[in-house]
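[1] Below is the structure, and that's it, no one-letter string:
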């Protein structure tokens, strides 16, 4: 699972949905629709589970709309980032169960 550092330029689209430009996120590859990512707030290092819910393109950049699902404890976020690659459905379900039991103040 990729960790995406949210640049200062990331903007809230609505509620818990952010738009992030590929060029500002410093990613080594493009994100896929419906891909889960770990989001890290560049200002305070808090981490969140996110899911890419829309992609937009223009001549200069790709823009990802990411739904922020919930805050992650540091150990949980580290586990999923260091695992690399993508997660299977059952792994995402396990993560969501952990989130329900390990609520972190947002």
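    Looks like it arrived, so ask away. Keep in mind it's a predicted model, so treat the numbers as computed, not measured.

[2] all strands of the chain, in order?
    In the chain, strands defined by DSSP state E lie at 3-6, 11-14, 17-21, 36-41, 47-57, 62-72, listed in chain order.

[3] got the angle for the fourth one vs strand 17-21?
    Relative orientation of strand 36-41 and strand 17-21, computed by axes from the mean of the first three to the mean of the last three Cα atoms, to 10 degrees: 80 degrees.

[4] Against which helices or strands is strand 36-41 packed?
    strand 3-6, strand 47-57, strand 62-72, helix 74-83 (3 or more Cβ pairs under 8 Å, 6 or more residues apart in numbering; DSSP states H and E). Using the backbone N, CA and C atoms, a C-beta is placed for each residue, glycine as well.

[5] now the fifth one
    Counting by 3+ Cβ pairs under 8 Å, 6+ apart, the packing neighbours recorded for strand 47-57 are strand 17-21, strand 36-41, strand 62-72, helix 89-101.

[6] Who does the first one pair with, and is each partner parallel or antiparallel?
    When pairing is defined by DSSP bridges, strand 17-21 lines up against strand 11-14 (antiparallel), strand 62-72 (antiparallel).

[7] Please identify the deepest-packed of the ones you listed.
    strand 62-72 (a mean of 19; mean count of other Cβ atoms under 10 Å).

[8] residues contacting residue 69?
    16, 48, 49, 50, 51, 96, 99 (Cβ atoms under 8 Å, 6 or more residues apart in numbering).

[9] The strands paired with strand 17-21: lowest mean pLDDT?
    Of all the strands paired with strand 17-21, strand 11-14 carries the lowest average pLDDT, namely a mean of 62.
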